[in-house]
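Participant: From the sequence below, what's the structure:
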Amino acid sequence: MKSRASFTIEASVLAKLDSLVDNIYYRSKSEAVEDILRKFFERQNTAIILCGGEFKVAGTNMYRPLVRINDTTVIEKTVNRLRLNNFRNIIISGKTELLKQIFPVLKNGEGYGVNIKYIDDNNLKGSARALERVKQYVGSTTLFVTGDAVFDLDLKDMLKFHIAHNSPASIAVSVPPDRQELIKDRLTLKGNKIVHYEKLSEPANSKMVPTSVFMFDQDVFKYIPPGDIMWDIKRDLLPLLAKDGLLFGYIYNGNWLNIKTKEDIDRATELVKD
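Facilitator: Numbering: from 1, shown residues only. This next block holds a predicted model:
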């Protein structure tokens, strides 16, 4: 069902819109506006699951995204959370070897109510290089998550937060209830703005846990230098964004657990149960 709407548009923008009406692709301005807006919202609700790097549970041959937590794999839990938060266009980026294991589980996403594409990130130097590989799919705002984490996070609310702060980058920061966690990344907040971000040489206890849930706009690619050099999201990209006052922290009272060891699997099982 279609509805009528009235807008005031600047003359120069309207002229560009008129130029699109060619009776081939668009027969009217209304058709052009509808298609442009549809594509905009489709791109805005895109999530990219990063599955690069070392993706086996320590001391085993189990791939982290395919670990079963209460009879459901980690990556299935992630896809279901994305769907429930209206991120239905999903791209999974990872090594070909891992993607071949994930595809039989998720296929094209139809069974999960989403659309899934697969892109290999073979031979890339660092997680920020994986961002470049999927650059063409990054619209006004794109959600990035890792495929080896269990978390409870309102992604729709984080999206509102990101848009409201009009910045190219946001990271979810978990504040676990009633406990501290060992962290390898430290941040300094001024309000919701992250003014300093760094990788630690030794893990430290903290009530604030920087997760690997990010929202990035196209502007972040200016901070990834060209050339065949190692460039990582947390080690290289986030510190630069924080230094320039462009990184915001979405604070939430909940959990985020990266599955790296057998002990993490047990912890994740308890978290999901609770």
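Participant: And for Ile265, nearest residue in space, chain neighbours not counted?
Facilitator: Sequence neighbours aside, Val67 is the residue nearest to Ile265 in space, at 5.7 Å (criterion: CB to CB, 6 or more residues apart in numbering). Using the backbone N, CA and C atoms, a C-beta is placed for each residue, glycine as well.
Participant: same question, Lys193
Facilitator: Phe248 (5.7 Å).
Participant: same for whichever strand or helix holds that neighbour, what does it pack against?
Facilitator: If you go by DSSP states H and E, Phe248 is part of strand 247-252. On a contact count with 3 or more CB pairs under 8 Å, 6 or more residues apart in numbering; DSSP states H and E, strand 247-252 meets helix 155-164, strand 169-174, strand 193-206.
Participant: Next secondary structure after the helix or strand bottoming out on mean pLDDT in the chain?
Facilitator: Least confident element among the helices and strands of the chain, by mean pLDDT, DSSP states H and E: helix 29-44 (a mean of 71). For helix 29-44, the following helix or strand on the C-terminal side (DSSP H and E) is strand 46-51.
Participant: Return the distance of the helix or strand following that next one from the chain's centre.
Facilitator: Reading on from strand 46-51 to the C-terminus, the next helix or strand found by DSSP H and E is strand 68-69. In terms of CA atoms, centre = their mean, to the nearest Å, the centre of strand 68-69 is found 21 Å from the chain centre.
Participant: List the neighbouring strands of the helix or strand that strand 68-69 is followed by plus their orientation.
Facilitator: Per DSSP H and E, the first helix or strand lying C-terminal to strand 68-69 is strand 72-73. Counting by DSSP bridges, the strands paired with strand 72-73 are strand 68-69 (antiparallel).
Participant: For the strand it pairs with, which outside residues touch it?
Facilitator: Strand 68-69 is contacted from outside by 77, 150, 265, 268-269, 272, using CB atoms under 8 Å, 6 or more residues apart in numbering.
Participant: ok, now how distant is Gln136 from Ile119?
Facilitator: 10 Å (CB to CB, to the nearest Å).
Participant: Which of the two has more residues huddled nearby?
Facilitator: Ile119 (15 against 8; other CB atoms under 10 Å).
Participant: Relative to Ile48, how far out is that one?
Facilitator: For Ile119, the distance to Ile48 - CB to CB - is 9 Å.
Participant: what is in contact with the two at once?
Facilitator: Here Ile119 and Ile48 share the contacting residues 91-93, 134, scored by CB under 8 Å, 6+ apart.
Participant: right, and the pair among these with maximum separation?
Facilitator: Ile92 and Val134 (9.9 Å; CB to CB).
Participant: and those two? which has more neighbours close in?
Facilitator: Ile92 (26 against 19).
Participant: If the more buried one is in a bridge, with which residues?
Facilitator: According to DSSP bridges, beta-bridge pairing links Ile92 with Ile49, Tyr118.
Participant: Now do the contacts for it.
Facilitator: Counting by CB under 8 Å, 6+ apart, Ile92 has contacts 48-49, 51, 75, 99, 102, 106, 116-119, 147.
Participant: could you pull out the helices for the stretch 101-250 of the chain?
Facilitator: Per DSSP state H, counting those that start in this stretch, the stretch 101-250 of the chain carries helices over the ranges 127-133, 155-164, 238-243.
Participant: Would you mark the buried spots in the second one?
Facilitator: Read it as helix 155-164. Neighbour counts over helix 155-164 (16 or more other CB atoms under 10 Å) mark 155, 158-159, 161-162 as buried.
Participant: Any regions of the stretch 151-274 of the chain where pLDDT drops low?
Facilitator: Judged against pLDDT under 70, the low-scoring parts of the stretch 151-274 of the chain cover residues 274.
Participant: List of residues touching stretch 58-67?
Facilitator: 49, 51, 55-57, 73-75, 78, 98, 101-102, 105, 147-148, 259-262, 265, 268.
Participant: how does it look with 7 Å?
Facilitator: 51, 55-57, 73-75, 98, 101-102, 105, 147-148, 259-261, 265 (CB atoms under 7 Å, 6 or more residues apart in numbering).
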